[in-house]
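>>> sequence first, predicted model second:
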Amino acid sequence: MLIRFTKMQGAGNDFVMLDETRERLNLTPGQYRFLADRHFGVGADQILSVRPALDPGIDFEYVIHNADGGEVEQCGNGARCFVRFVREQGLTDKDTVRVKTLSGVIEPSLQPDGRVTVDMGAPIFDLARVPFDAAGLTPQAVNSWSKWPLALAGQAQAAPVLIAILSMGNPHAVQRVDDVETAPVLETGPLIEGHARFPRRVNAGFMQVVSRSQIRLRVYERGAGETLACGSGACAAVVAGIRLGLLDARVDVLTHGGTLSIEWQGGLDAAAAPVLMTGPATTVFEASINVPDHL
Ligand SMILES: N[C@H](CCC[C@H](N)C(=O)O)C(=O)O
């Protein structure tokens, strides 16, 4: 099947964009994996499909598949690329679009400086909705925020202590490290991602606090491995830092792929405040690829 696609990236988190507004491609998980494959396909962290909205007041639907072929609920960097894509493809003339994903509605907006701001909605702290199975675990209570030691199989080093388990529509487990460059991201990231206490697996964030307005972040993503940036992961890390009293409301998140600016006016008494993320969204190239039919 010959498929036309657009390759995009947001802070180095890269995507294959598919326009399904006129017809569904009905791809299989194996075909999504093929598109994401950096040797046999196009190469991407996620495949993002644009579909017509079915609900009034919603402009588009947005379907996200990780490189492993699994469908997921949210993708922050992808949301920024999404709005640039629908504008460049002439699918809308709006600067702000309302987009429905598996986890709800988000609103990416094109900014005059070329960056894109996304209202990512409010973080979700209810562990059952992350989901996280806390049965038998006793958190180390810190203020009103719990720290969760997470025993990892076969690891000699001490169990990492998660300072935050929350959902940005997709699941995140955040820990604080002294130096992201020496943190065991590739060793413990996969063990956290697939840990049995996360029934739908999890994105594992490693956050280094530089100042009250700057962090460095690496994320071992569910279904994609370590990416150059993770938008929803940046939101989760900043929310965690603010809740612990380590960060102010506006934080620059330095990732290997670029800088994301996150703002959250939430806190212990305003947890329902939305998280705003601003960052780049770039079109790399457009092309077509022949996707094998039986994958
Ligand atoms: N791997 C993530 C999806 C993409 C998240 C990331 N690309 C972002 O920018 O939010 C998950 O399985 O939830």
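All right, it came through fine.
>>> centroid-nearest residue for the protein?
Note on the chain: the residue nearest the mean C-alpha position is Ser232, at 3.6 Å, using C-alpha atoms, centre = their mean.
>>> all helices of this protein, in order?
29-36, 76-88, 185-193, 231-243 (DSSP state H).
>>> got the end-to-end distance for stretch 203-218?
Stretch 203-218 has its terminal residues 10 Å apart, counting by C-alpha to C-alpha, to the nearest Å.
>>> sorry, that was for stretch 206-222
14 Å.
>>> in it, which residues are buried?
206-209, 215-222 (16 or more other C-beta atoms under 10 Å). (C-beta placed from N, C-alpha, C; glycine too.)
>>> before we move on, what about stretch 86-101?
86, 91, 97-101.
>>> could you list the low-pLDDT ranges of the stretch 1-150 of the chain?
Along the stretch 1-150 of the chain, segments meeting pLDDT under 70 span 141-146.
>>> on that earlier part again, what is the most widely separated pair among the buried residues of stretch 86-101?
Leu91 and Thr101 (16.7 Å; C-beta to C-beta).
>>> out of the helices of the chain, deepest packed?
Among the helices of the chain, helix 231-243 has the highest mean neighbour count (mean count of other C-beta atoms under 10 Å), at a mean of 29.
>>> quick check: angle from that one to helix 76-88?
Helix 231-243 and helix 76-88 are oriented at 130 degrees to each other (axes from the mean of the first three to the mean of the last three C-alpha atoms, to 10 degrees).
>>> quick one: mean pLDDT for helix 231-243?
Across helix 231-243, pLDDT averages out at 96.
>>> list the contacts for the residue nearest to Glu88 when sequence neighbours are not counted?
Leaving out its chain neighbours, the residue that sits closest to Glu88 by C-beta to C-beta, 6 or more residues apart in numbering is Thr283, at 6.2 Å. Contacts here follow C-beta atoms under 8 Å, 6 or more residues apart in numbering; on that basis Thr283 touches 6-8, 81, 84-85, 88.
>>> adding pLDDT and distance to Leu18, write the buried residues of stretch 206-222 out as TSV.
Output for the buried residues of stretch 206-222, formatted as TSV (pLDDT from 0 to 100; distance: C-beta to C-beta, whole Å):
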residue	pLDDT	distance to Leu18
Phe206	98	31
Met207	98	32
Gln208	98	35
Val209	97	38
Ile215	98	33
Arg216	98	33
Leu217	98	28
Arg218	98	28
Val219	98	24
Tyr220	98	26
Glu221	98	20
Arg222	98	21
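>>> mind picking the two most distant members of those residues?
Val209 and Arg222 (23.7 Å).
>>> what residues does the stretch 151-295 of the chain have near the ligand?
170, 203, 221-224, 227, 230-232 (C-beta under 6 Å from any ligand atom).
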